[in-house]
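Asker: With the input below, show me the fold.
(one chain, ligands or ions: 3)
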Amino acid sequence: MKIAIPNKGRLQQPVLQFLSSVGIKPLASDERALILPTSWDGVQLVMMRTEDIPNLVEAGASDIGITGHDYVVESEAEVEELVKLDFGKAKIVLAVPQSWQISSISELRGKEIRIATKYYNIAKYYLEKNDIKAKIVKISGAAEVMPSLGAADAIIDVVSTGTTLKLHGLKPLDDVIESYGVVIGNKYWMKTEEAERINLVLTMMKGVMSARGKKMIFMNVEDRYLDNVLSSLPAMLSPAISRLSKSDAWEVVTVAEESQLPEVIAKAKAAGAKDIVVLNIEKVVK
Ligand SMILES: Nc1ncnc2c1ncn2[C@@H]1O[C@H](COP(=O)(O)OP(=O)(O)OP(=O)(O)O)[C@@H](O)[C@H]1O
Ligand SMILES: O=P(O)(O)OC[C@H]1O[C@H](OP(=O)(O)OP(=O)(O)O)[C@H](O)[C@@H]1O
Ligand SMILES: [Mg+2]
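Answerer: Ligands and ions are numbered 1, 2, ... in the order given. Next up is the predicted model:
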């Protein structure tokens, strides 16, 4: 099976790290190679431009792909979003010159404005939905410079820290869409002879995402403190307990969200738990 991933750009490293956690590592070959074998037998990586991946997957040149949600929407490709990822987060906004004394997009109605963007379809849907008349100036990047060159009045572009907008005298006026890294699939992937392997890869990918932010906690508890320690744990954490050999103590094991850790450990310790060990979780396959 083939997985299309970014051959460059800001998503490439996070995607490779994510695939490594899944158990898929590219096997070194000529660095110009665009189809790479991997450590998982029968799985190849296809190195493509991030924005081309939706069309590539729709065309069936790859069974699944990893790209940005914005490119899935912009491409209008008939693909399925299968696993939402926790990297590649961005916002696409409508931004206008800081000098414009407007605070809502409704004030743009009735005006004929030019909007520079690399997201033509996303902009078109957004402007139609908001009943704004605008000429879309299609560019492939660096949209922020267009208003100061007099080539556009406003832009629709990605914003992360907001630095580039500020630097070019622009301010965000409205959010257009949220974007995030996403695993997509060809609509017919389940009908291919690779379906079983694809399903296993997707199961592992979901397993990695379910484990994100979760920790395993092991603690030793003497008999006399067991009830106290168990009642100190948050109700939804159904801990497992096992008798320690050669002592009247127990091992209590549970899983907690990383954000719960400080409170869970403090309360368990105060209730008598000792030797508290915290481990990362690689995958949780439901
Ligand atoms: N600050 C950001 N700027 C651009 N894209 C971002 C940013 N933060 C997250 N993204 C997301 O990353 C993806 C952009 O990746 P892509 O490889 O196309 O562009 P890039 O990393 O800016 O590289 P390039 O130099 O080709 O523009 C999109 O899905 C976008 O939503
Ligand atoms: O809000 P910020 O943190 O400033 O990031 C947003 C900027 O980053 C991206 O540019 P990129 O570096 O990808 O150049 P490009 O526009 O040519 O793709 C994006 O297109 C914005 O210009
Ligand atoms: Mg870019």
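Asker: Skipping its backbone neighbours, what lies nearest the residue of the stretch 151-286 of the chain found nearest ligand 1 in space?
Answerer: The minimum distance from the stretch 151-286 of the chain to ligand 1, using C-beta to the nearest ligand atom, falls at residue 160 (3.3 Å). (Each C-beta comes from the backbone N, C-alpha and C, glycine too.) Nearest residue to residue 160, sequence neighbours excluded (C-beta to C-beta, 6 or more residues apart in numbering): residue 90, at 5.7 Å.
Asker: tell me the phi and psi of that neighbour?
Answerer: phi -160, psi 160 (degrees, to the nearest 10).
Asker: Ok, residue 79 next?
Answerer: Per degrees, to the nearest 10, the backbone of residue 79 is at phi -130, psi 160.
Asker: so it makes contact with residue 57?
Answerer: Yes - with contact defined as C-beta atoms under 8 Å, residue 79 reaches residue 57; the gap is 5.0 Å.
Asker: So these two - more neighbours on which side?
Answerer: residue 57 (32 against 23; other C-beta atoms under 10 Å).
Asker: That one and ligand 2, how far apart?
Answerer: 22 Å (C-beta to the nearest ligand atom, to the nearest Å).
Asker: hang on, the earlier thing: in contact with the residue nearest to residue 160, which residues?
Answerer: 68, 70, 158, 159, 160, 178, 179, 180 (C-beta atoms under 8 Å, 6 or more residues apart in numbering).
Asker: tell me what whatever helix or strand the third one lives in is packed against?
Answerer: In this assignment (DSSP states H and E), residue 158 forms part of strand 154-159. Counting contacts by 3 or more C-beta pairs under 8 Å, 6 or more residues apart in numbering; DSSP states H and E, strand 154-159 is packed against strand 90-97, strand 113-117, helix 120-129, strand 170-179.
Asker: Just put those in JSON lines and tack on mean pLDDT and distance to residue 48.
Answerer: Shown next, in JSON lines, are the helices and strands packed on strand 154-159 (pLDDT from 0 to 100; distance: least, C-beta to C-beta, whole Å):
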{"stretch": "strand 90-97", "mean pLDDT": "97", "distance to residue 48": "19"}
{"stretch": "strand 113-117", "mean pLDDT": "97", "distance to residue 48": "22"}
{"stretch": "helix 120-129", "mean pLDDT": "97", "distance to residue 48": "19"}
{"stretch": "strand 170-179", "mean pLDDT": "97", "distance to residue 48": "18"}
